[in-house]
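In: Take this sequence and fold it.
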Amino acid sequence: MAELFSQDWMVSYMEAWNAEPALSDALAKIGFDTVIAYGFNGEENPRGVLNVQGGKAVSAGAYDGEEVNWDLRASEAHWRKWMKKPPGMMGLGMAYTSRKLKFNIGDYTAMIKDPRMAGPFIKSFTAMSKA
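Out: Model prediction:
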């Protein structure tokens, strides 16, 4: 298995993202464009980045200073736990309120209140488990 959020891991995640209809197809319906960064708590910069255009991941790799719309952080142990058993809505809510999952950039509350985005967000963890 490639190192979490490395170039190789992010490319594998991009492929899993695009192969998950409840994620990429659902976001395509709303024309979702964004750049999402992933990393570990306490580090200055994220480690990996995913560029999404029209719901589909179009590029992925190691973070290289790109401007991002979302910057999600957690401990390596929590990321690995969620990849083994992807969380549901309640699990993600608890992770957010207990600060196990942090949004350094991006509005978790606004996103989770929009059902067009909340379901796909949960499915992104399923895609991670397949990366």
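
In: mind listing what's buried in stretch 114-131?
Out: Met117, Pro120, Phe121, Ile122, Lys123, Ser124, Phe125, Thr126, Ala127, Met128, Ala131 (16 or more other CB atoms under 10 Å). Glycine gets a C-beta too; all of them are placed from N, C-alpha and C.

In: residue ranges for the helices of this protein, please.
Out: For the chain, the helices defined by DSSP state H cover 7-19, 21-29, 76-84, 89-97, 108-112, 115-130.

In: other SSEs contacting the helix or strand bottoming out on mean pLDDT in the chain?
Out: One helix or strand of the chain scores below all others by mean pLDDT, DSSP states H and E: helix 108-112, with a mean of 87. Secondary-structure packing of helix 108-112 (3 or more CB pairs under 8 Å, 6 or more residues apart in numbering; DSSP states H and E): helix 89-97, helix 115-130.
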